[in-house]
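Novice: The following comprises the amino acid sequence and a computationally predicted model.
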Amino acid sequence: MRCISLFSGSGGNSVYVEHEGTRLLVDAGVSFRRLCLSLESIGESVLDLDGVFFTHEHSDHVGALAMLLKKTDLPFYLDARSAEGAYEALLAKDPSLAAEFVRRTLTVAAGEEYDVGSLTLAPFSLPHDSAACLGLVFFDENGEKLLGIATDLGEMTTEARRALYGCSAVILESNHDLVMLENGPYPPYLQERIRSPFGHLSNPDCAAFLSLLIPGGLTRAMLFHLSADNNTPEKALDECRAVFGEKIALSVAAVDTPTPLL
Ligand SMILES: [Zn+2]
Ligand SMILES: [Zn+2]
């Protein structure tokens, strides 16, 4: 399996996943042009993808959607409530694109499993302030958990822990340092939103979450969706090291440079 973060953070998110000839993107939250260039830089083409899974309808995850509709024939996978949100946004812009979006969208639900080529996708719910938000576990043909992804979540939930437990590799949000958020440029209401159980996962919560996954066989993790204003890669890594030392291989997804996990 190959898994490469292409973009990470509030400026846009996208992860490339490939397994035995099946190629997927998880989110496409930057411009179509930047997405194409990034894929080219890792030797891939947007036209060779098998589909795009959208975790939720926030713009940092669906930014390329309109152009993906215009320039490709890819299928999209997303929760029905997020699809409704994305549909409304497209309808306001271009009704023909909204109709095309409906034609190409396969709605998925937490708790179900979906076969896409050589991969089985198992979405699960995440607590976040979108219409819906999904995390994702990838299984191979033998039912092995290959990879888990949880990009936007206000807190760790039992459902998310159960879903990710048993994955050998995980991409997990490590959004903010608590002190930087407190003293940073964000107004109180925005700080509250980020800190809420439906906002974004802090560094210590990410570290605690990962430490609970280690007994399940976790060997590598990539810290993802770091805030540019309220975090640094060093702080996010330090928080993890303080909790579980060097027990697993750790990396941080760069903002807009491809960063391989697998
Ligand atoms: Zn979001
Ligand atoms: Zn996001």
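Specialist: Noted; the coordinates are in hand. Ligands and ions are numbered 1, 2, ... in the order given.
Novice: Verify the stated contact: residue 130 with residue 56.
Specialist: Yes: with contact defined as C-beta atoms under 8 Å, residue 130 counts as touching residue 56 (3.9 Å). Every C-beta, even on glycine, is put in place using the N, C-alpha and C of the backbone.
Novice: what touches both of the two?
Specialist: Taking C-beta atoms under 8 Å, 6 or more residues apart in numbering as the criterion, residue 130 and residue 56 both touch 82, 152.
Novice: So between these two, which is more surrounded?
Specialist: Taking other C-beta atoms under 10 Å, residue 130 and residue 56 do not tie; residue 56 has more neighbours (24 against 18).
Novice: Please give me every residue in contact with the more buried one.
Specialist: Residue 56 touches 78-79, 82, 128, 130-134, 152, counting by C-beta under 8 Å, 6+ apart.
Novice: among those residues, which are in reach of ligand 2?
Specialist: With C-beta under 5 Å from the ion as the criterion, the contacts of residue 56 include residue 152 near ligand 2.
Novice: What about the contacts of residue 56, which are in strands?
Specialist: If you go by DSSP state E, those have 78-79, 134 in strands.
Novice: Could you tell me whether residue 136 really is in a strand?
Specialist: Yes: the assignment for residue 136 (DSSP: H, G, I helix; E, B strand; the rest coil) places it in a strand.
Novice: Use 187 as the first number from now on
Specialist: With the count now opening at 187, the last piece we talked about shows up as residue 322.
Novice: Give me the number of neighbouring residues for it.
Specialist: Residue neighbour count, defined by other C-beta under 10 Å, stands at 27 for residue 322.
Novice: separation between the residue lying closest to it once chain neighbours are set aside and residue 233?
Specialist: Leaving aside its chain neighbours, residue 322 sits nearest to residue 335 (4.8 Å; criterion: C-beta to C-beta, 6 or more residues apart in numbering). From residue 335 across to residue 233, the span is 23 Å (C-beta to C-beta, to the nearest Å).
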